[in-house]
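Colleague: Mind looking at a prediction? Sequence and model below.
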Amino acid sequence: MRQKTDTPSEQLSVIGRRKFINTAALAGLTVGVAACTDKPAGPAAAASPASAAGHGSSNGVHLKPGELDTYYGLWSGGHTGDMRVLGMPSGREIHRIPCFVPDALVGWGVTNESKAVMGTKPDGSLRYTVADTHHTHASYKDGNYDGRYAWINDKINSRLARIRLDYFICDKITQLPNVQGFHGIFPDKRDPVDPAINYTTRVFCGAEFAVPLPNNAGIEDGSKYRSLFTCVDAETMEVRWQVLIDGNCDLTATSFDGKLAATNQYNVEMGVKYEDMMSAERDACLFFNIARIEEAVKAGKFKTIGSSKVPVVDGTHEGNKDPKTALTAYVSVPKNPHGVNASPDQKYFICAGKLSPTATVIELAKVLDWFDGKLEKLDNAIVAEVEIGLGPLHTAFDGRGNAYTTLFLDSQVVKWNVEAAIKFHAGDKTAKYVVDRLDVHYQPGHINASQSETIAADGKYLAVGCKFSKDRFLPVGPLHPENEQLIDISGDKMVLLADHPVRGEPHDFIIFKRDLVKPKQVYSLDDFPLAVKDAKDSGVFRNGKKVTVKITSQAPAFSLREFKLRKGDEVTLILTNLDKIEDLTHGFAIPNYNVNFIVNPLETKSVTFIADQPGVFWCYCTHFCHALHLEMRTRMIVEA
Ligand code: K7E
Ligand code: CUA
Ligand code: CA
């Protein structure tokens with residue numbers, strides 16, 4: 001680990017000596033990472049004027065009992081395949097929303113309703129039980145979140161899940177055809193042509209890994225593999241179209257005017273081996289002209305791949321040489337960039353360099369000029385390419401013209417001023433664009449500020465997802481938690497406020513004002529076609545071997561005290577919770593039958609199983625609901 005240097009110019013000279021990082025150096029630095037635990041903990045916090053932050057003595061992080069947070073945070077869970085809901089700035093985890101992976105509390109993956117969302121094989125078992133959620137973003141209206149939906153991706157099985165933000169539940173999952181390594185997502189912020197549509201109607205999805213198209217043709221020849229960029233309809237969750245591209249996709253961003261989507265590319269080399277992906281000095285940030293792509297689809301200028309019916313338009317270099325008709329624009333940026341982020345002033349896209357110590361600022365208006373034939377060289381859309389530190393990954397914004405980029409290798413967050421960087425790039429070497437640096441613990445990946453990628457960026461809090469926690473928490477064996485750190489960015493200097501251990505591994509997250517969502521705490525009986533609306537409707541209804549058991553719950557009892565089945569019956573059990581006051585949830589578990597789920601107030605769920613074990617099975621309430629919760633059971637009798 002290098003010495004911490006203090007001034008921006010010292011920083012730059014250190015970086016200058018190691019401009020681009022090659023494969024060998026990168027491996028060396030990663031080893032160095034593991035050895036840097038002797039660093040004193042939180043020196044920045046001790047040295048910073050924490051009281052200047054203006055959030056009271058505890059900076060608003062340590063809420064008094066009963067106090068509510070002022071922001072929501074939506075976090076991806078990573079390998080746990082879920083979305084996590086945090087209260088911010090306290091960092092308290094309030095909720096987990098199961099999406100792709102079964103969840104024993106909710107009965108996700110157990111109930112018929114959740115299985116229908118998750119997808120099953122012909123035998124009724126779940127198609128997938130693993131996932132890897134990375135990126136989460138919410139729907140927009142007029143450049144700010146509108147509280148309708150959030151989306152999250154599963155990188156492993158190329159799936160996109162939608163979360164309804166009225167009930168904080170996953171209601172739809174779509175698998176993308178023809179792609180692998182589905183990574184970046186971003187909703188559009190408005191329609192590119194219809195001004196009346198000032199809200200999200202599309203979700204863009206970048207695929208990281210190139211594959212043969214279709215995937216069973218030409219398996220050996222890696223040079224023929226291709227990647228696609230996908231558009232999913234925000235309402236129907238159906239795949240609208242795909243774009244065949246050169247190189248790959250990584251992260252995704254969208255412009256505030258709805259005209260462009262962007263993805264950074266780290267593998268323009270189309271390498272199939274690790275070394276090959278780093279052979280070029282520059283990769284690209286690829287822009288998609290949404291209106292033109294949709295026109296091309298409408299005009300039938302597309303093909304389809306294999307058994308997929310999704311229209312695929314040509315976004316390759318070869319097919320898009322004339323700017324006036326081009327669907328795509330490839331802006332060259334330095335070596336293996338990582339994030340791409342749209343600034344809240346609506347003017348710029350910023351690509352972090354990863355293997356280059358730079359950030360590249362691309363001006364949206366200039367990319368649009370290029371598409372109009374008014375900018376001669378696309379590279380002139382780059383208005384700054386400045387050194388900021390080692391291993392830049394993701395960027396957030398404060399709405400006051402500053403960007404905050406994580407430096408993975410430096411274990412720092414760098415605050416830099418975008419307009420000053422543009423001046424510096426234009427030749428004014430006195431322009432000091434690096435404003436501040438803060439050590440974080442350790443190796444930060446994603447970063448986001450409160451309201452960051454909206455027109456309402458408020459520059460209050462910055463959260464940083466540190467991939468390594470090392471010595472920051474009590475040891476718990478070989479698997480360390482990760483460390484989500486909270487930083488106050490309301491002043492000139494960043495102030496480290498708090499550490500939060502998290503189970504691995506969240507990647508991306510967003511933080512937004514609490515009044516932007518209006519969650520409902522009680523369902524309506526009419527939301528569920530199967531609802532058992534009255535306890536009197538309960539009973540066992542037999543149709544040959546097919547049996548329907550209808551039950552209701554009302555604290556502290558189930559409507560049926562017992563129910564009888566015969567061995568071999570195919571049973572569908574429907575449970576409606578008739579309790580209508582908030583926070584009165586019941587559970588339903590059947591011993592030895594692998595069944596457990598909950599029903600929230602006025603919610604209905606169902607499970608289907610074969611009554612293959614004769615005997616007595618005490619179905620009991622698994623969710624503490626009443627003083628007589630333990631007595632809340634019903635006897636399932638399966639006759640031999
Ligand atoms: Cu968003 Cu972690 Cu998938 Cu960057 S990636 S760190
Ligand atoms: Cu119902 Cu516990
Ligand atoms: Ca590359």
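Modeller: Arrived safely. Bear in mind that the values here come from a model prediction, so they are computed numbers and not experimental data. Numbers count the residues shown, from 1 in each chain. Ligands and ions are numbered 1, 2, ... in the order given.

Colleague: Is there a neighbour count for Leu486? I'd like the number.
Modeller: Around Leu486 there are 23 other residues, counting by other CB atoms under 10 Å. (Each C-beta comes from the backbone N, C-alpha and C, glycine too.)

Colleague: How confident was the prediction at it?
Modeller: Model confidence at Leu486, expressed as pLDDT, equals 98.

Colleague: Spatially nearest residue to the residue of the stretch 501-640 of the chain found nearest ligand 3 (excluding sequence neighbours)?
Modeller: The stretch 501-640 of the chain approaches ligand 3 most closely through His507 (20.7 Å), counting by CB to the ion. Among residues not flanking His507 along the chain, His134 sits closest, at 4.2 Å (CB to CB, 6 or more residues apart in numbering).

Colleague: got it, and Ala403?
Modeller: Closest to Ala403 by CB to CB, 6+ apart is Thr395, at 5.1 Å.

Colleague: What residues does the stretch 251-400 of the chain have near ligand 3?
Modeller: Neighbours of ligand 3 within the stretch 251-400 of the chain, by CB under 5 Å from the ion: Tyr266, Asp283, Asn336.

Colleague: does the second one have beta-bridge partners, and which?
Modeller: Beta-bridge partners recorded for Asp283 (DSSP bridges): Val333.

Colleague: Could you pull up phi and psi at the residue nearest to His507?
Modeller: Per-residue torsions, His134: phi -120, psi -60 (degrees, to the nearest 10).

Colleague: what about it, neighbour count?
Modeller: Neighbours of His134 (other CB under 10 Å): 22.

Colleague: How about Arg202?
Modeller: When neighbours are counted by other CB under 10 Å, Arg202 comes out with 23.

Colleague: so who does the closest residue to Phe617 other than its chain neighbours touch?
Modeller: Nearest residue to Phe617 in three dimensions, chain neighbours excluded: Met636, at 4.3 Å (CB to CB, 6+ apart). Neighbour list for Met636: Glu562, Phe563, Leu565, Ile590, Val616, Phe617, Trp618, Cys619 [criterion: CB atoms under 8 Å, 6 or more residues apart in numbering].

Colleague: before we move on, back to that, assign the residue of the stretch 501-640 of the chain closest to ligand 3 to helix, strand or coil.
Modeller: Assigned with DSSP: H, G, I helix; E, B strand; the rest coil, His507 falls in the coil class.

Colleague: Give me the pLDDT for it.
Modeller: His507 is given a pLDDT of 95.

Colleague: residue contacts, it?
Modeller: So His507 contacts Ser76, Gly78, Thr133, His134, His135, Gly445, His446, Gly465 (CB under 8 Å, 6+ apart).

Colleague: Is Glu482 in contact with Ser469, as I believe?
Modeller: Yes - with contact defined as CB atoms under 8 Å, Glu482 counts as touching Ser469 (5.8 Å).

Colleague: Find residues that contact each of these two.
Modeller: Joint contacts of Glu482 and Ser469 (CB under 8 Å, 6+ apart) are Pro501.

Colleague: coming back round to it: of the contacts of Met636, buried ones?
Modeller: Buried by 16 or more other CB atoms under 10 Å: Phe563, Leu565, Ile590, Phe617, Cys619, out of the contacts of Met636.

Colleague: circling back: most neighbours, which of the contacts of His507?
Modeller: Thr133 (29 neighbours).

Colleague: Can you tell me how far the closest residue to it other than its chain neighbours is from Phe100?
Modeller: With CB to CB, 6+ apart as the criterion, Thr133 has its nearest non-adjacent residue at 4.2 Å, and that residue is Ser76. Noted for Ser76: a distance of 11 Å to Phe100, by CB to CB, to the nearest Å.

Colleague: mind checking how far Lys429 is from Asn402?
Modeller: Taken as CB to CB, the span from Lys429 to Asn402 is 20 Å.

Colleague: Pull the most distant pair out of the contacts of Met636.
Modeller: Leu565 and Trp618 (14.2 Å; CB to CB).

Colleague: Run the chain-centre distance for the helix or strand hosting Phe617.
Modeller: Secondary structure assignment for Phe617, by DSSP states H and E: strand 615-620. Computed by CA atoms, centre = their mean, to the nearest Å, the chain-centroid distance of strand 615-620 equals 41 Å.

Colleague: what's the following helix or strand after that strand?
Modeller: Immediately after strand 615-620, counting by DSSP H and E, sits strand 633-639.

Colleague: so where's the stretch 1-150 of the chain uncertain?
Modeller: Scanning the stretch 1-150 of the chain for pLDDT under 70 picks out 1-59.

Colleague: Can you tell me the SS state at the residue of the chain found nearest ligand 1?
Modeller: Nearest residue of the chain to ligand 1: Gly445, at 2.8 Å (CB to the nearest ligand atom). Here Gly445 is strand, with the state taken from three-state DSSP.

Colleague: shouldn't it be in contact with Thr406?
Modeller: Yes - taking contacts as CB under 8 Å, Gly445 lies within contact range of Thr406: 6.3 Å.

Colleague: Common neighbours of these two, please.
Modeller: Leu393, His394.

Colleague: can you give me the helices for this protein?
Modeller: 8-16, 23-34, 43-47, 112-118, 290-298, 364-371, 418-425 (DSSP state H).

Colleague: contacting residues around Phe100?
Modeller: Counting by CB under 8 Å, 6+ apart, Phe100 has contacts Gly81, Asp82, Met118, Tyr128, Val130, Ala131, Thr133, Asp154, Asn157, Arg159, Ala161, Ile173.

Colleague: same thing but at 6 Å, please
Modeller: Shown in contact with Phe100 (CB atoms under 6 Å, 6 or more residues apart in numbering): Gly81, Ala131, Asp154.

Colleague: Report how many residues lie close to the last one.
Modeller: The burial count assigned to Asp154 is 24, neighbours taken as other CB under 10 Å.

Colleague: Now it: closest residue in space that isn't a chain neighbour?
Modeller: In space, Asp154 is closest to Ala131, 4.1 Å off (CB to CB, 6+ apart).

Colleague: ok, the one you found to Lys155 distance?
Modeller: From Ala131 to Lys155 the distance is 8 Å (CB to CB).

Colleague: And these two? Which one has more around it.
Modeller: A count of neighbours by other CB under 10 Å puts Ala131 above the other of Ala131 and Lys155, at 25 against 22.
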